[in-house]
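Asker: dropping a prediction and its sequence here:
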Amino acid sequence: MKKYNQLLIKDNNKKQVYQMIEDIPGVSRAQIAERMKLSKTTVSALVDELMQEGYVVDEGACTSSRQGRRPNSLTVNSHANSVIVMNWHKDSLEIALVDPAMNVTMCKEYDMKGAKDALAQLGRYFEAFKGSQCVDLRIMGVCVIVPGMIDQKQDKIVSVVLPPGDQGEHRISRLRSVLAGCPLAILNDTACFAYAENAFGKLDSENYIYININDGVGAALIHGGHLLGGASGMATQFGHVSVDRNGYPCPCGNKGCLENQIGELALPRLFKEFGVKAEKKEGEKLLFKDLAAMAEAGDTAALRLMSAMAEDLAYALCNAVSLLHPEVIIVGGIGRKLGGRFLETLKEKIGHMGFRQFVSDVEVVYTRQGEASVARGAAKYYIDQYFRFNDTDPSGLFCG
């Protein structure tokens with residue numbers, strides 16, 4: 001038992017050393033020892049082990065304000081290692097390589113429209129990508145990002161966005177089967193966006209709500225710098241908060257769900273209801289940017305629809321603010337393409353409803369992170385939460 005505990009402590013220290021090198025490129029052994037309150041000998045031994053295993057690179061002497069011999073700077077080995085991140089959408093699949101410095105080095109998009117067996121198709125695309133792009137790379141793990149809840153106990157991924165023909169039991173087991181050969185993490189999309197915001201966003205606040213507006217709507221809660229409830233999507237389903245109890249029926253069983261009032265998939269119905277006439281060819285998808293452009297051009301019907309969408313979101317957010325009292329609300333996803341007019345209208349609506357004391361404390365902003373942040377957030381979450389240097393079991397499965 002004593003030997004096991006010593007190994008566990010060593011593994012934890014090794015992971016912390018690696019994470020510090022990842023977060024502070026160019027850090028020296030002496031700086032790591034000082035920050036971690038470990039001896040220089042212990043840190044040097046851990047760094048040497050990481051270098052021998054190909055996870056860390058010594059880049060030679062760096063500048064230092066200290067007298068004496070200049071220390072060597074350390075970085076993660078971005079050339080030999082990567083995480084594969086698969087972002088599963090309704091009609092497409094994006095597969096990206098994210099290096100240990102959290103840069104997206106490669107991203108390819110694949111068509112998933114009309115796939116009779118979406119999971120089997122996903123597996124075929126994965127094998128093709130791995131065979132063509134990962135020949136000389138060590139794959140630290142595979143992340144699958146899904147727009148839905150990950151319920152490992154029931155072996156389900158519950159989503160109203162993914163193909164309905166692929167709903168039901170054993171979705172997690174089947175993913176494990178078609179993506180065999182590497183440790184696998186299945187993560188909620190909104191949680192990955194929020195984790196990226198937390199890791200790379202350079203925010204002043206550690207308490208905020210991240211709202212992901214895409215085909216549907218999701219939310220993730222960051223409190224004290226930590227992602228509450230992990231990345232399963234089970235902590236909250238903000239898109240299924242009802243903003244109209246007599247409203248449009250949702251596949252989830254509720255009525256008037258927020259995502260059916262402001263999600264991009266709802267635009268065809270909403271355009272019809274509000275009499276918005278878009279110049280789109282038959283079969284072309286209506287997009288948030290179409291509504292934004294029409295509103296900017298002064299289209300009366302488009303302005304009414306945008307105002308209604310902002311009011312529905314404001315109603316839901318004011319209830320969330322009363323419950324959680326965040327300092328910031330970050331609006332992300334492709335919902336940002338609704339533009340500045342929508343954000344200003346949203347702020348105005350929030351100011352006219354809700355508990356004034358809490359609402360007046362909240363800043364509402366668009367994220368400054370790009371769409372690639374979801375892949376970076378997934379890779380960062382996997383490395384931080386699940387990756388272990390001495391336990392790289394290829395059958396490992398991590399849900400949320």
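Answerer: Received it, and whenever you're ready, just let me know what you need. All values derive from a computational prediction rather than experimental measurement.

Asker: do you know how far the closest residue to Pro163 other than its chain neighbours is from Met112?
Answerer: Spatially, and ignoring its direct neighbours in sequence, Pro163 is nearest to Ala118 (5.2 Å; C-beta to C-beta, 6 or more residues apart in numbering). All C-beta atoms are positioned from the backbone trio N, CA, C, and that covers glycine. Computed as C-beta to C-beta, to the nearest Å, the Ala118 to Met112 distance reads 6 Å.

Asker: name the residues contacting each of those two.
Answerer: Common contact partners of Ala118 and Met112 (C-beta atoms under 8 Å, 6 or more residues apart in numbering): Pro163.

Asker: just the C-alpha atoms of stretch 126-140, please, in CSV.
Answerer: C-alpha atoms of stretch 126-140 as CSV (Å, rounded to 0.1, in the frame of the first residue of the first chain):
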residue,chain,number,x,y,z
PHE,A,126,-12.1,8.4,-37.9
GLU,A,127,-10.1,5.5,-39.4
ALA,A,128,-9.5,7.4,-42.6
PHE,A,129,-8.3,10.6,-40.8
LYS,A,130,-6.1,8.6,-38.4
GLY,A,131,-4.5,6.7,-41.3
SER,A,132,-3.8,9.8,-43.3
GLN,A,133,-2.9,12.4,-40.7
CYS,A,134,-1.5,10.6,-37.7
VAL,A,135,1.1,8.3,-39.1
ASP,A,136,4.0,9.8,-37.2
LEU,A,137,2.1,11.0,-34.1
ARG,A,138,1.4,9.5,-30.7
ILE,A,139,-2.3,10.0,-30.0
MET,A,140,-2.7,10.9,-26.4
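
Asker: what's the helix or strand for the spatially most central residue of the chain?
Answerer: Central residue of the chain (C-alpha atoms, centre = their mean): Cys192, 1.6 Å from the mean position. If you go by DSSP states H and E, Cys192 is part of helix 189-200.

Asker: for that helix, which helices and strands make contact with it?
Answerer: Applying 3 or more C-beta pairs under 8 Å, 6 or more residues apart in numbering; DSSP states H and E, we find helix 189-200 packed against strand 138-146, strand 208-213, strand 217-223, strand 226-227, strand 328-332, helix 373-385.

Asker: report the distance from that helix to the chain centre.
Answerer: Helix 189-200 sits 5 Å away from the centroid of its parent chain (C-alpha atoms, centre = their mean, to the nearest Å).

Asker: also stretch 320-339?
Answerer: With C-alpha atoms, centre = their mean, you get 15 Å for stretch 320-339.

Asker: buried stuff in that stretch?
Answerer: 320-321, 324, 326, 328-333, 335-339 (16 or more other C-beta atoms under 10 Å).

Asker: and if you look at stretch 8-19?
Answerer: For stretch 8-19, by 16+ other C-beta under 10 Å, it's Lys10, Asn13, Lys14, Lys15, Val17, Tyr18.

Asker: and what of stretch 23-38?
Answerer: For stretch 23-38, burial by neighbour count (16+ other C-beta under 10 Å) applies to Val27, Ser28, Arg29, Gln31, Ile32, Ala33, Leu38.

Asker: was I right to think the second one contacts Thr75?
Answerer: No. Contact status for Ser28 versus Thr75: not in contact, 11.3 Å apart, counting by C-beta atoms under 8 Å.

Asker: show me where this structure has helices.
Answerer: For the chain, the helices defined by DSSP state H cover 2-23, 29-36, 40-52, 118-133, 171-178, 189-200, 259-262, 267-274, 288-296, 300-324, 339-351, 356-359, 373-385.

Asker: quick one: the longest one to helix 339-351, angle?
Answerer: Helix 300-324 and helix 339-351 are oriented at 50 degrees to each other (axes from the mean of the first three to the mean of the last three C-alpha atoms, to 10 degrees).

Asker: now for helix 300-324, which elements pack on it?
Answerer: Counting by 3+ C-beta pairs under 8 Å, 6+ apart, helix 300-324 packs on strand 208-213, helix 259-262, helix 267-274, helix 288-296, helix 339-351, helix 356-359.

Asker: with distance to Ala219 added, can I get these in CSV?
Answerer: Shown next, in CSV, are the helices and strands packed on helix 300-324 (distance: least, C-beta to C-beta, whole Å):
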stretch, distance to Ala219
strand 208-213, 5
helix 259-262, 11
helix 267-274, 20
helix 288-296, 18
helix 339-351, 15
helix 356-359, 16
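
Asker: in a markdown table, list the ones you listed along with distance to Lys90 and mean pLDDT.
Answerer: Listed next are these as a markdown table, based on distance: least, C-beta to C-beta, whole Å; pLDDT from 0 to 100:
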| stretch | distance to Lys90 | mean pLDDT |
| --- | --- | --- |
| strand 208-213 | 15 | 94 |
| helix 259-262 | 13 | 93 |
| helix 267-274 | 14 | 94 |
| helix 288-296 | 15 | 95 |
| helix 339-351 | 23 | 95 |
| helix 356-359 | 34 | 82 |
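
Asker: show me the one of the ones you listed that comes nearest Gly181.
Answerer: Gly181 lies closest to strand 208-213 among the helices and strands packed on helix 300-324, at 30.1 Å (C-beta to C-beta).

Asker: tell me how far that closest one lies from the chain's centre.
Answerer: From the chain centre to the centre of strand 208-213 is a distance of 11 Å (C-alpha atoms, centre = their mean).

Asker: so in that sheet, which strands flank that strand, and in what orientation?
Answerer: Strand 208-213 pairs in its sheet with strand 217-223 (antiparallel), strand 328-332 (parallel), by DSSP bridges.

Asker: give me the residues contacting the longest one.
Answerer: Here strand 217-223 makes contact (C-beta under 8 Å, 6+ apart) with 147, 188-191, 193-195, 197-198, 206-212, 227-229, 233, 235-239, 258-259, 262-263, 320, 324, 326.

Asker: filter the residues you listed to the buried ones?
Answerer: Those of the contacts of strand 217-223 that meet the buried threshold are 147, 188-191, 193-195, 197-198, 208-212, 227, 233, 235-239, 258-259, 262-263, 320, 324, 326, by 16+ other C-beta under 10 Å.

Asker: re the thing from before, want to throw the helices and strands packed on helix 189-200 into CSV with distance to Gly60?
Answerer: Supplementary listing: these in CSV, determined by distance: least, C-beta to C-beta, whole Å:
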stretch, distance to Gly60
strand 138-146, 24
strand 208-213, 39
strand 217-223, 38
strand 226-227, 36
strand 328-332, 39
helix 373-385, 25
